[in-house]
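A.B. asks: build me a model from this:
(5 chains, ligands or ions: 5)
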Amino acid sequence: MSWVLIALAAWVLGWWINTRLAAAPLARTRAGKLAVPVIFGLTVLVVWEGLVRGLDVSPVILPPPSAVLAALAGSLPVLWEDFVQTAVKGALSGYLIGCGAAFLTAILIDRSPFLQRGLLPVGNFVAALPIVGIAPIMVMWFGFDWQSKAAVVVVMVFFPMLVNTVAGLKASDHMQRDLMATWSASYGQSLLKLRLPAAMPFVFNGLKIASTLALIGAIVAEFFGSPTRGMGFRINASIGQLALDMIWAEIVVAAIAGSAFYGLVAMIEKRVTFWHPSQRH
Amino acid sequence: ADDVTLQLKWVTQAQFAGYYVAQAKGFYEAEGLNVTILPGGPDVAPTQVIAGGGADVVIDWMPSALAAREKGLALVNIAQPFKSSGMMLTCLKESGVAAPADFKGKTLGVWFGGNEYPFLNWMNKLGLKTDGTDVTVLKQGFNVDPLLQKQAACVSTMTYNEYWQVIDAGVAPEDLVTFKYEDEGVATLEDGLYVMEDKLADPAFEDKMVRFVRASMKGWKEAEANPDEAAMIVLENDATGAQTEGHQKRMMGEIAKLTAGSNGALDEADYQRTVDALMSGGSDPVITKAPEGAWTHQITDKALQ
Amino acid sequence: MKDTATSAPVIEAKNLNLVFETGDGPVQALKDVNLTINRGDFVSFIGPSGCGKTTFLRAIAALETPTGGTLTVNGMTPDQARQARAYGYVFQAAGLYPWRTIAGNIKLPLEIMGFSKAEQDERVNRVLELVELAGFGKKFPWQLSGGMQQRASIARALAFDADILLMDEPFGALDEIVRDRLNEEVLKLWARTGKTIGFVTHSIPEAVYLSTKIVVMSPRPGRITDVIDSPLPKERPLDIRDSRAFIEIAHRVREGLRAGHGDHE
Amino acid sequence: MKDTATSAPVIEAKNLNLVFETGDGPVQALKDVNLTINRGDFVSFIGPSGCGKTTFLRAIAALETPTGGTLTVNGMTPDQARQARAYGYVFQAAGLYPWRTIAGNIKLPLEIMGFSKAEQDERVNRVLELVELAGFGKKFPWQLSGGMQQRASIARALAFDADILLMDEPFGALDEIVRDRLNEEVLKLWARTGKTIGFVTHSIPEAVYLSTKIVVMSPRPGRITDVIDSPLPKERPLDIRDSRAFIEIAHRVREGLRAGHGDHE
Amino acid sequence: MRHVLPVLTVLIAIIALWYGAAVGLNRAWVYDQASRAGVEPASGLALVAETWNQERPVLPAPHQVAGELVKTTFGMAPTSKRSLVYHGWVTLSATLLGFVMGTVLGILLAVGILHNRAMDMSVMPWAIASQTIPILAIAPMIIVVLNSVGLQGLVPKAIISAYLSFFPVVVGMVKGLRSPDQMQLDLLKTYNASAGAAFWKLRLPASMPYLFTSLKVGMAASLVGAIVGELPTGAVAGLGARLLSGSYYGQTVQIWAALFAAAIVAAGMVMLIGLMERRTLRKMGMAR
Ligand SMILES: Nc1ncnc2c1ncn2[C@@H]1O[C@H](COP(=O)(O)OP(=O)(O)OP(=O)(O)O)[C@@H](O)[C@H]1O
Ligand SMILES: Nc1ncnc2c1ncn2[C@@H]1O[C@H](COP(=O)(O)OP(=O)(O)OP(=O)(O)O)[C@@H](O)[C@H]1O
Ligand SMILES: Cc1ncc(C[n+]2csc(CCO)c2C)c(N)n1
Ligand SMILES: [Mg+2]
Ligand SMILES: [Mg+2]
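C.D. replies: Ligands and ions are numbered 1, 2, ... in the order given. So this is what the prediction gives:
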């Protein structure tokens, strides 16, 4: 029971600190911007630990964060091997191929409104195909190693990226395009000097959406066949062994890697689209 | 009537015909039971379900149950309707596998999620490392595609199910080589009934289980006697509508071979063989010490008298 | 029509019509427009909101396609003239590219037209000076006030030597003083280079002060109601605006406008 | 200062300072501004772009907080005055809510201030008539021309009886003829209601024509360089603009502006 | 409709490619079968015909999928367990419940983020992190945990759906509620409007286009959630179960039919939202 009280107290304390912190001038500094979510996260962890212990939840249902941390620290080599297999080989390569292909396709169909009108509705339809359905097919086609995971990721990220890039290529306003016309700029020139720069905020929107999808796709695809390593494999195998601490350790790795990747894309976005009003304030 | 929830290890199919027959023929009702049968699937770990209180009794394979017990989940086998193991490795003849000695250098499909232990034990016995140096292990999905696509030389199959899927896919039996775990001497106990140890101490629960096992075994024997009818009962209970009559009838026939010879009571020799196999896992045994109290005749004794 | 002895028609519109097809029916933006603009003319367009001034300028620059009549630029179609890079166009809003610095924006047409690097830099500096923005080349557009952005966009149109300069309310957002100064600058530039200039404005004094020809338009459908040739000399100090002749023309323009305004805008 | 015998200070600024903290250092938008506006005054603010006109108006309406000096409105702080709903504000752009009809937009402040339904409808009709938009109440903003939108936004500010009307370049986007007409309307309204009006404009004639008091400002940092009390009578036909007195004031304003322009904006 | 012809063209191109791919991918099997039987493999048109009509093809031909779809939707009573209508409805009901839950949660979070700075700073990074967690991995745990507190059937699936659909709604609504420009906000300030009035009269109406866009994304995510949620409940019923059992028995035609059924359901729902969007926005005068 006391653990439950500790959890409650931690919640109140964390909330109080954050409210104070957010109101303070510190909140506008980089440290403040980092501290608030970190404190929020820590609060969640303490509450979780307290509730699991206090309510005596079986570790085969939900392990306490301390156990997860122990598993994390105790199996770093395995986690690293899984990470390389799934995140680097599967997700990253799929992300690069998928986003790159979508970007090129967007530029290719850019000149044909006919193709765009035809491809985008069909694209939206394909994007609605659930990955859990695509994954077994990809495993069947591309084998059980990382190539099939990359293929799933390619399918997942392709359409969000395509739709965003196509929208972005239309984003330059009329006057900016007319200006190019008065200079009699060639198609390539106006693409390079006007429409691609103007498309960047949209392109990055697509890249950000895709960045959260990629890792999930790779992990899920491993449920449908894989070599004996990889984050999805480990999670799947650990369920049978009731090693929930290991499952959560993998989930933590996935969340950190996913968030870090998202953050990285957001950072590059800030650099590239420095001129956009949303980046200025 | 007393409520009982049973968690199956897999989707609704003739593998679990006994319970569906008992349900359909009113055997449970006659014992004053109201039984809910929850189908399983590749994403369902019965051990986790029972730990979470989602079921009173689960069907699981003994390796996985014993591993869970060592993890601190006190599961107890109260009945063992399956006498023999139906697991085997099915290989394409053209891949050049004729005997276990040929596994070296090949890719083998294995089920994970708690079903990998018998395989690992066998490989250990053969002295083959599974980390890719001797054999390459492929975590196979739900089906036999890796074999049909020739991504693996052999895949895990059950005599009653996946083997027939290979056949149905158009591969002639002559083109296949099969290794039954039973024949290789590495068989472990499959579908048994498990409950939580602490609950067994409760006489009311014990009584409920006695009645449950009694009715279930009656169902099994009924199914063995009338396999076609049993298969149709299973078919009626399949909510996905994906099963076919032919496949289920054939499966029932195979299942009957595995349940034959069991009256429901666990054979201690079988249990010991399973434990020995699991403990002999070399550097990485499934269980590290002989389990205590992992099974009981408490229920079957009363149920079968 | 005094000292434009070198009169050669640069822009000729004959019975020009332009109809926009919109969701709820066609909109006649230009109706039977006849106008000749000679080399070296400074032509102002004035008229109530929505009368088709912008549309006419855009048609000249081949940004809109007339639906009737003929329009020639230097004897070519507007589109051929566009491909010959005959135009410098200043839009109503500045329309700078936010990801390029001011200098970068001015360089843009030069890059597209393939000027050499050295030439680019030299021209950028020259026009920046002309619009009094020297020293601001490295700033980004949003770091400048609205008026400065407007001037940068004028500089951009001046950087390459287009024969024909089309300006759509370029000084709309500026205060009177800056506006006066830029009016003087444009006049000087025009006198020096002999460019042909088309200029849209809402300000009567501005139109009269700048132009050799004032085109008064009326809306719905857009027609030319009056073309006034200015008797003012080419040399125009600011205080010419207090002269008799000036006030007379302004009056005539105002009357023309008022007539077109008969019905509420 | 002739017939404003009922002079009671409505807005009083004493040594007002306002500094914006920006990424690259502070920007002094207002410096030592001293100004008294009496009840019933029509005050125009004129000055080069970026001199702080908008900022001053915003400070009066409690949309910006001064960093020094005092500013009182009816003896209260601007924020208290805001809470007492003392202001009607017309922004530089029309700023209509696109999802509301013209009538709906005008109703907005009335809803917020809790007028009854019947009262709302009655007032909407009255002000629509006032700005000559009767019959357009059911249209959406984008179905109107820019000038009409601007008038709708003026109507919105007039719908509730704020004592103080603050208008930031309300006629910037209109052509001269429409502008003249609206100038007359505003003058009539002011004469009838005796409201206190603060009015920002770039047009010298407009400022002179409308105001009882013209405030000339200079930039960087924003200071008041001249406050001119107009001797023009309250009754002002449009052709008063050709009168001696008018031209003299206009000249004085222009001189004041030019002085402030000494350094480039 | 100016979309019909282009879409048709693209569809025809895809179908043609698809048929071609079916020949390529299914060919190996024909050869295998022939060599196992010790006969010459078919060639030319006979080969093509064989690759397009296999029992368990690697890639089923379009007509096989279409046939299965038609057979299982129109060919049987909607209440039959073999009817896709039945399974589609099972999935759809969880999708809709989850969608409603996720949307409400998303909007509440967005309102909280808007009005509370601490929430703004702490919730967003974690909302992003939450979406990087592989849902399929924790779905079984969610099901088990909910099961242990007595929740079964529709609700757990809906919760997983909601987990996936709240995120696009939060992101879109935060953006939408913040979309009014400074002038629009200042206007209300001059009226001394309360935060509530600002929300109802300005922020909410201004956020409508964003809301509908995120609802469309959220609906698709919801459907994926419902399907994922069906896997660990034991393949009982629903399109997910259909996918799974199809996969389990290697019935590719059934997988593809279920896949298309899911996409059709999603597209239908998204179209419905689009319809509501157009009606609402037109009423608000925002659609021209
Ligand atoms: N792309 C278009 N589609 C349909 N109608 C248009 C289009 N462009 C302009 N119009 C209509 O054509 C008419 C003329 O427009 P134009 O922009 O030329 O007016 P303007 O004289 O430049 O007005 P302003 O002084 O407001 O700039 C207007 O009635 C306008 O509504
Ligand atoms: N929010 C702000 N942050 C920083 N600086 C600002 C801000 N608002 C205005 N300024 C600066 O304060 C000064 C005065 O601006 P203000 O908008 O009051 O000018 P203005 O006289 O209204 O000009 P205009 O005629 O262009 O409307 C300018 O230098 C401007 O850059
Ligand atoms: C992911 C996955 N895990 C385990 C099994 C093995 N398994 C457990 S019960 C059962 C009955 C088969 O009819 C089978 C095969 C599988 N197939 N797929
Ligand atoms: Mg125009
Ligand atoms: Mg201003």
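A.B. asks: secondary structure element holding E:L45?
C.D. replies: Assigned by DSSP states H and E, E:L45 belongs to helix E:44-51.
A.B. asks: what about B:N263, neighbour count?
C.D. replies: Neighbour count of B:N263, defined by other C-beta atoms under 10 Å in any protein chain shown: 16. In short, each C-beta sits where N, CA and C put it, glycine included.
A.B. asks: now B:A225
C.D. replies: Neighbours of B:A225 using other C-beta under 10 Å come to 11.
A.B. asks: ok, now C:A245?
C.D. replies: Neighbours of C:A245 under the rule other C-beta under 10 Å: 13.
A.B. asks: again, but for B:A201
C.D. replies: Neighbours of B:A201 using other C-beta under 10 Å come to 8.
A.B. asks: and what about the closest residue to chain A within the stretch 201-305 of chain B, helix, strand or coil?
C.D. replies: Residue of the stretch 201-305 of chain B nearest chain A, by C-beta to the nearest C-beta: B:V286 (8.9 Å). Secondary structure, DSSP: H, G, I helix; E, B strand; the rest coil: B:V286 is coil.
A.B. asks: quick one on the thing from earlier: next helix or strand past the helix holding E:L45?
C.D. replies: Note on helix E:44-51: by DSSP H and E, the next helix or strand toward the C-terminus is helix E:62-74.
A.B. asks: what comes up buried for that next one?
C.D. replies: Residues of helix E:62-74 classed as buried under the neighbour-count rule (16 or more other C-beta atoms under 10 Å in any protein chain shown) are E:62, E:64-65, E:68-69, E:72-73.
A.B. asks: repeat for stretch E:72-87
C.D. replies: Judged by neighbour count using 16+ other C-beta under 10 Å, the buried positions of stretch E:72-87 are E:72-73, E:76, E:81-87.
A.B. asks: which positions in stretch B:233-242 come out as buried?
C.D. replies: Neighbour-count burial for stretch B:233-242, counted by 16+ other C-beta under 10 Å, picks out B:233-235, B:237-242.
A.B. asks: my error: substitute stretch B:129-143 in the last question.
C.D. replies: Going by neighbour count (16+ other C-beta under 10 Å), the buried part of stretch B:129-143 is B:130, B:135-143.
A.B. asks: so which one among those residues has the lowest pLDDT?
C.D. replies: Taking those together, the minimum pLDDT is found at B:F142 (74).
A.B. asks: outline the domain layout of the chain.
C.D. replies: The chain I'm using is chain A. As given by automatic domain parsing, the domain ranges for chain A are A:2-57, A:72-279.
A.B. asks: oops, wrong one, chain E.
C.D. replies: As assigned by automatic domain parsing, chain E contains the domains E:4-59, E:84-283.
A.B. asks: indicate whether the first one makes contact with chain B.
C.D. replies: Yes - between domain E:4-59 and chain B, judged by C-beta under 8 Å from any C-beta of the partner chain, the touching residues are E:29, E:33, E:36, E:55-56, E:58.
A.B. asks: from those residues, which has minimum pLDDT?
C.D. replies: E:R36 (75).
A.B. asks: distance of that residue from C:T72?
C.D. replies: The spacing between E:R36 and C:T72, counted by C-beta to C-beta, to the nearest Å, is 78 Å.
A.B. asks: what do you get for A:P64?
C.D. replies: Applying C-beta to C-beta to A:P64 and C:T72 gives a distance of 83 Å.
A.B. asks: of the two, who's got more company?
C.D. replies: Using other C-beta under 10 Å as the criterion, A:P64 and C:T72 rank with A:P64 on top: 20 against 16.
A.B. asks: skipping adjacent residues, who's closest to that one in space?
C.D. replies: Leaving aside its sequence neighbours, A:P64 sits nearest to A:V52 (C-beta to C-beta, 6 or more residues apart in numbering or on different chains; 4.3 Å).
A.B. asks: mind listing what that neighbour touches?
C.D. replies: A:62-64 (C-beta atoms under 8 Å, 6 or more residues apart in numbering or on different chains).
A.B. asks: in TSV, list those along with pLDDT.
C.D. replies: Shown next, in TSV, are those (pLDDT from 0 to 100):
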residue	pLDDT
A:L62	84
A:P63	88
A:P64	90
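A.B. asks: what's the closest of the residues you listed to ligand 1?
C.D. replies: Checking the contacts of A:V52 against ligand 1 with C-beta to the nearest ligand atom, the nearest one is A:L62 at 61.0 Å.
A.B. asks: what's the closest non-adjacent residue to the closest one?
C.D. replies: A:V52 (5.9 Å).
A.B. asks: low-confidence ranges, the stretch 1-150 of chain E, go.
C.D. replies: Flagging of the stretch 1-150 of chain E using pLDDT under 70 yields the residue ranges E:1.
A.B. asks: for chain C, what's the nearest residue on it?
C.D. replies: Residue nearest to chain C within the stretch 1-150 of chain E (C-beta to the nearest C-beta): E:R2, separated by 13.9 Å.
A.B. asks: angles on the backbone of the residue of the stretch 201-305 of chain B closest to chain A, please.
C.D. replies: Per-residue torsions, B:V286: phi -70, psi -40 (degrees, to the nearest 10).
A.B. asks: wait, doesn't it sit right on B:L66?
C.D. replies: Yes - if you go by C-beta atoms under 8 Å, B:V286 and B:L66 touch, sitting 7.2 Å apart.
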